[in-house]
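> I need the structure of the sequence given here:
(2 chains)
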Amino acid sequence: MRGKVSRKTIFAFIGPAVIGLALVGIAPLAYAIWTSLHFFNLTKLRKVKFIGLDNYGSVLSDPVFWEAMGRTFFLLGTALPLQIAFGLCISLVLHQPGLSLLKSLTRLSLVLPMATTYAVVGLLGQVMFNQKFGVVNQLLGGAGINWIGDPTNAFAMIIFWDVWQWTPFVALVLLAGLTMVPGEVEEAARLETKKKWIVLRHVQLPFLVPGLVAILILRTADTLKLFDMVFTLTRGGPGASTEFISLMIQRVGFRGFDQGLASAQAIILLIITIVLAQVYIRVFYKEV
Amino acid sequence: MAGRPRKPLWGQAAVLIAILLLCVFPFYWMVTTSLKTHIVALEAPPAWLFEPTIENYREALFEDGVFKTLANSLIIAVCTTALALALGVPAAFALARFEFRGKRDLWFWFITNRMVSPIVLALPFFLIARNLGLLDKHITLILIYLTFNLPIVIWIVTDQFRGVPYDLDEAARLEGASQFRIMRSICLPLAMPGVAVSAIFAFIFSWNELMFGLILTRNDAKTAPAMAVSFMEGYNLPYGKIMATSTLIVVPVLIFALLASKQLVRGLTMGAVK
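Below you'll find the model as predicted:
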């Protein structure tokens, strides 16, 4: 009989992984919940005391928290459509026949941004977007734009790097989807119509949907996690203009030393993440 | 498409070259900046032609201790990858082969760990590590990196094991082989491509990680990305040195990624096209 094995065997295989992940994943989480119920400031550790849900109350009524949350989803809402638009164009160009050597080279170069250390992307951003000696302003004809010091420009710069780093991922996922379209079907459709848009909409799009869903889920998760690149590029500034949710929690916990409040923020972020994951899975994977 | 009159491909070629340049240019700029002296690096507008020097590398590696942080990053990334494989491969085998209650929930729990923002774990992990005297120790990062490496290994390898024909197990079982033996001698060799892909991912993610490294290490176990960030203090930043350190961090992983690009793309797009 398929898959019939004793409980002992099952535990021997899967137990270590479960225990391992519980130790590094769940135990700290339990501790975070404990911390979130206390007044817990790193500079006043003698004064730790139980305050119930006060920290949660503070977070829920704190405009700074919701502004950071809104900013995070605004970034997702601006960067993701750009990534999908550019990614789709790139995948369609790569899917066209001909120029196979150049296409392989381009495909290879697409791997580079994704593998780059996020912190290094931020550092590169500092160098390339510097107002005085940055190459970006030079290429814009000596524009002298203050990228890092201006709230709107800094946000645009973050979008630029997020798009630079993750458009290749979108392009490669969509390209994999395009290659799933049976050759004869695509060929027949092209004989029917000259309009590429119609082929895309009616023949290729159905094959792209699973990839688009995966992109949506992964990009949402990654944007909620976004820290390294922004930390090295703007540290959330100027002001709070690029302070996304993970950066804000880090600031409150490690630069403001208020671990209790930061833990409450982190737990609320976790709840939002889980709810979003559940919604995505309910909506997109009904049959799983 | 054979036989159909082909339009000239200039347009397509131009687009491809533009994509290629956009992907590669930041790296070109990183490397050239790393070869500039401090004075040249601060020229405005920036110089495209200059006399290269490796002074930044010498200073960074041997005077500022970047060499040691690179070694730390390597030790940590290799160990956490090995540990994730040791724990994750048998679990993936169980998820792919055995039937038991709560299997779907368990799988889901493993995978959702990848969705959780690391800051959620960084806060309590910092306090726990501080209480246990584990701050600035390699083992701390090796363990906490499991929170994202183990889900990756389990996700990819489970899928790979499912692709191995079940008949092979059956035949081995009739011969009297234990489940462990079946996994090791029959399924694992066939699932090796998936194991390799997950190992590459785990290594790259660990090597690239900054936040935990920043929060949980000071000197002894400081990782290379955390080191690069520590050059960012104060005014008059040493841009050449920062870019030299960045190059040292990024180039090994880029070479690695290019060599394994086929497998990487396969891993990335896996599950996205089904």
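> Low-confidence ranges, chain A, go.
A:1-4, A:285-288 (pLDDT under 70).
> Which positions in the helix or strand where residue A:13 lies come out as buried?
Using DSSP states H and E, the element containing residue A:13 is helix A:7-21. For helix A:7-21, burial by neighbour count (16 or more other C-beta atoms under 10 Å in any protein chain shown) applies to A:10, A:13-14, A:17-18, A:20-21. Heads up, the C-betas are built off the backbone N, CA and C, glycines and all.
> Then stretch A:127-141?
Of all the residues in stretch A:127-141, those buried under the rule 16+ other C-beta under 10 Å are A:127-131, A:133-138.
> Then stretch B:34-51?
For stretch B:34-51, burial by neighbour count (16+ other C-beta under 10 Å) applies to B:34-36, B:38, B:40-42, B:46.
> what do you get for stretch B:131-150?
Result for stretch B:131-150 [16+ other C-beta under 10 Å]: buried residues B:134-135, B:137-138, B:140-150.
> do the host helix or strand of residue A:81 and chain B meet at all?
Residue A:81 belongs to helix A:63-95 when assigned by DSSP H and E. Yes. Against chain B, helix A:63-95 shows contacts by C-beta under 8 Å from any C-beta of the partner chain at A:90, A:93-94.
> now those residues as CSV including neighbour count?
Below are the residues of helix A:63-95 next to chain B laid out as CSV (neighbours: other C-beta atoms under 10 Å in any protein chain shown):
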residue, neighbour count
A:90, 23
A:93, 20
A:94, 24
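> Now do the contacts for residue B:224.
Going by C-beta atoms under 8 Å, 6 or more residues apart in numbering or on different chains, residue B:224 touches B:66, B:69-70, B:72-73, B:245, B:248-249.
> pLDDT wise, what is it at?
Note on residue B:224: pLDDT of 94.
> Give me the helices and strands touching the helix holding residue A:81, please.
helix A:100-115, helix A:151-178, helix A:205-225, helix A:245-250, helix A:259-284, helix B:10-34 (3 or more C-beta pairs under 8 Å, 6 or more residues apart in numbering or on different chains; DSSP states H and E).
> quick revisit: and after the helix holding residue A:13, which helix or strand comes next?
Taking DSSP H and E, what comes next after helix A:7-21 is helix A:27-36.
> and the spatially closest residue to residue B:213 that is not a sequence neighbour, how many neighbours does it have?
Among residues not flanking residue B:213 along the chain, residue B:223 sits closest, at 3.7 Å (C-beta to C-beta, 6 or more residues apart in numbering or on different chains). Neighbour count of residue B:223, defined by other C-beta atoms under 10 Å in any protein chain shown: 30.
> Ramachandran angles for residue B:223?
Dihedral angles of residue B:223 (phi, psi; degrees, to the nearest 10) stand at phi -90, psi 160.
> Likewise for residue A:41?
Residue A:41 has phi and psi values of phi -110, psi 130 when expressed as degrees, to the nearest 10.
> Out of the buried residues of stretch B:131-150, name the two that are farthest from one another.
With C-beta to C-beta as the measure, no two of the buried residues of stretch B:131-150 lie farther apart than B:135 and B:150, at 22.7 Å.
> List the buried residues for the helix or strand hosting residue B:201?
Using DSSP H and E, residue B:201 maps to helix B:188-208. Using 16+ other C-beta under 10 Å as the test for burial, helix B:188-208 gives B:188, B:191, B:194-195, B:197-208.
> any residue of that helix up close to chain A?
Yes. Counting by C-beta under 8 Å from any C-beta, chain A has neighbours in helix B:188-208: B:204, B:207-208.
> From the contact counts, what lies against that helix?
Here helix B:188-208 is seen to pack against helix B:66-97, helix B:146-162, helix B:239-259, helix B:261-269 when contacts are counted using 3+ C-beta pairs under 8 Å, 6+ apart.
> List the buried residues in the third one.
Which is helix B:239-259. When burial is assessed from 16+ other C-beta under 10 Å, helix B:239-259 yields the following buried residues: B:239-250, B:253-254, B:256-257.
> same check, this time on the longest one
Using 16+ other C-beta under 10 Å as the burial criterion, the residues of helix B:66-97 that qualify are B:66, B:68-70, B:72-74, B:76-81, B:83-85, B:87-97.
> which helices and strands sit right next to it?
Contact here means 3+ C-beta pairs under 8 Å, 6+ apart; on that basis helix B:66-97 packs against helix A:7-21, helix B:103-112, helix B:138-144, helix B:146-162, helix B:188-208, helix B:224-230, helix B:239-259.
> what is the rounded mean pLDDT of that helix?
94.
> Need the contacts of residue B:224 in CSV (columns: distance to residue A:60).
CSV is the format used below for those (distance: C-beta to C-beta, whole Å):
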residue, distance to residue A:60
B:66, 44
B:69, 40
B:70, 44
B:72, 40
B:73, 39
B:245, 41
B:248, 45
B:249, 40
